[in-house]
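Participant: sequence unavailable; structure follows:
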Ligand code: GTQ
Ligand code: FE2
């Protein structure tokens, strides 16, 4: 086995510095022994393995909506959608994650595109998913046989293992964004996937204004008495813009009337929740809509876990770590773990930001932290 260390994937270098032993022939021999036996001592790795706080491998990055839509529409002309490829979805690839189709270490974010009359075939998977529509209409997503309309501003969760297909019933193409926990599922090796039927039944290809799920679950504060258990995944399949918009408008109006219901002055925010539990709508993904008054700004904060934002409406400036961008409708950007973030609306119009992140994972593990600028950071 004299050559084992040449083939070993373990490579150890003697390093000078605090906590490191003095280099010597005996130490060299010890390290070659570690390599042969596939052993790595903590003292050579501690800085990277156990940093004092998260040091994300991901970068802050911005994708412009006009480029995303332009490339997605070219794909609409050139690339068929069907069994095998499954979806005409194009993922944001963080520049620091080795070319993998990951917006962040845990989150997938993609633009998906369907031409008039096209169908994306039925399938199901363990990954939790949602759709969010920044503009357009005409696509119905069919979840467990329930056709759900998708229109501007709507948020549509699809928790894992629900059968789903999409069809464009309109005469125009339509784009929307998908968020999934694909990278998290990949690292944790917890994925399952099944193909469904290639064609839906005519009854499922209908285009109702309201889905069955909304007719059962879409009444504020009311639940069907036949369903008394807290359901792990949301039964409500569409959160409509009219409701989200009203909730944000009311928060800012109440702030004007002297009531403290906003997150900070001029910054209203709502979270999409499971109506049976009040908790995050998806087990792994938190989703929120934020609104800044014209001229208003968020506090600066950082938190454990990564976020993806999409500008829903308005114009403004966002800061992510050292980066600063002027943003407009549809632009998408990433905030890596523990990197400070703040946003400011332009002087003339409110800024609406859709956001999703992986906070439910860290909350479940009791490792979530949020630190606002100016706070001590004590937890
Ligand atoms: O629409 O079912 O962007 O399964 C990635 C995986 C979308 C979908 C994505 C998916 C889907
Ligand atoms: Fe899917």
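Facilitator: Sure thing, it's come through. None of these values were measured; they are calculated from a predicted model. Ligands and ions are numbered 1, 2, ... in the order given.

Participant: rest of the way, CA atoms for contacts and neighbours
Facilitator: Fine.

Participant: where in this structure is pLDDT low?
Facilitator: Low-confidence segments of the chain, defined by pLDDT under 70: 1-6, 232, 376-379.

Participant: okay, helices next: where are they in it?
Facilitator: 4-7, 25-36, 46-49, 65-78, 182-188, 212-217, 241-256, 359-364 (DSSP state H).

Participant: which strands or helices does the second one pack on?
Facilitator: The one in question is helix 25-36. Applying 3 or more Cα pairs under 8 Å, 6 or more residues apart in numbering; DSSP states H and E, one finds that helix 25-36 contacts helix 4-7.

Participant: just the buried positions in stretch 182-195, please.
Facilitator: Buried residues in stretch 182-195, defined by neighbour count with 16 or more other Cα atoms under 10 Å: 182-185.

Participant: show me where the stretch 1-150 of the chain has strands.
Facilitator: Listed from the start of the chain, the stretch 1-150 of the chain has strands (DSSP state E, counting those that start in this stretch) covering 61-63, 89-91, 108-114, 119-125, 129-132, 137-143, 146-151.

Participant: of all those strands, which one comes closest to residue 269?
Facilitator: Residue 269 sits nearest to strand 129-132 of all these, at 16.5 Å, using Cα to Cα.

Participant: next up, the contacts around the spatially closest residue to residue 233 that is not a sequence neighbour.
Facilitator: Nearest residue to residue 233 in three dimensions, chain neighbours excluded: residue 159, at 5.6 Å (Cα to Cα, 6 or more residues apart in numbering). Neighbouring residues of residue 159 by Cα atoms under 8 Å, 6 or more residues apart in numbering: 127-130, 233-234, 282-283.

Participant: coming back round to it: how about CSV for the strands of the stretch 1-150 of the chain, with mean neighbour count and distance to residue 21 added?
Facilitator: Formatted as CSV, the strands of the stretch 1-150 of the chain follow (neighbours: other Cα atoms under 10 Å; distance: least, Cα to Cα, whole Å):
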stretch, mean neighbour count, distance to residue 21
strand 61-63, 19, 40
strand 89-91, 19, 46
strand 108-114, 25, 42
strand 119-125, 22, 50
strand 129-132, 23, 49
strand 137-143, 24, 60
strand 146-151, 24, 62
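
Participant: could those strands be laid out in CSV, adding distance to residue 355?
Facilitator: Output for those, formatted as CSV (distance: least, Cα to Cα, whole Å):
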stretch, distance to residue 355
strand 61-63, 14
strand 89-91, 16
strand 108-114, 11
strand 119-125, 23
strand 129-132, 10
strand 137-143, 21
strand 146-151, 18
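
Participant: got the residues of this structure near ligand 1?
Facilitator: Residues of the chain lying close to ligand 1 (Cα under 6 Å from any ligand atom) are 87, 89, 110, 178.

Participant: residues near the first one, how many?
Facilitator: Spelled out, that is residue 87. 18 (other Cα atoms under 10 Å).

Participant: find the pair from the contacts of residue 159 with maximum spatial separation.
Facilitator: Comparing all pairs in the contacts of residue 159 by Cα to Cα, the longest separation belongs to 127 and 234, at 14.2 Å.

Participant: nearest to residue 364, of the strands of the stretch 1-150 of the chain?
Facilitator: strand 129-132 (18.5 Å).

Participant: give me phi/psi at the closest residue to residue 351 other than its chain neighbours?
Facilitator: Using Cα to Cα, 6+ apart and skipping the chain neighbours, the partner closest in space to residue 351 is residue 314 (4.5 Å). Per-residue torsions, residue 314: phi 90, psi -170 (degrees, to the nearest 10).

Participant: surely residue 314 and residue 350 touch.
Facilitator: Yes. Residue 314 is within contact range of residue 350, at 5.7 Å (criterion: Cα atoms under 8 Å).

Participant: show me what contacts the residue of the stretch 151-300 of the chain found nearest ligand 1?
Facilitator: Residue nearest to ligand 1 within the stretch 151-300 of the chain (Cα to the nearest ligand atom): residue 178, separated by 4.9 Å. Going by Cα under 8 Å, 6+ apart, residue 178 touches 108-112, 129-132.

Participant: roughly how far apart are it and residue 9?
Facilitator: 37 Å (Cα to Cα, to the nearest Å).

Participant: strands of the stretch 201-350 of the chain, residue ranges please.
Facilitator: 267-271, 286-292, 301-303, 307-313, 316-320, 323-327, 332-335, 341-345.

Participant: what is the last one packed up against?
Facilitator: Pointing back at strand 341-345 there. If you count contacts as 3+ Cα pairs under 8 Å, 6+ apart, strand 341-345 packs onto strand 301-303, strand 316-320.

Participant: can you check the third one too?
Facilitator: Packed against strand 301-303 by the contact rule (3+ Cα pairs under 8 Å, 6+ apart) you find strand 341-345, strand 370-372.

Participant: can you do 6 Å?
Facilitator: Applying 3 or more Cα pairs under 6 Å, 6 or more residues apart in numbering; DSSP states H and E, one finds that strand 301-303 contacts strand 370-372.

Participant: okay, now residue 326: neighbour count?
Facilitator: Residue 326 - counted by other Cα under 10 Å - has 14 other residues nearby.

Participant: from what I can see it touches residue 317, true?
Facilitator: Yes. Look at residue 326 against residue 317 with Cα atoms under 6 Å: they come within range, at 4.5 Å.

Participant: quick one: buried residues of stretch 287-307?
Facilitator: Within stretch 287-307, the residues that qualify as buried are 287-294, 296-299, 301-307, counting by 16+ other Cα under 10 Å.
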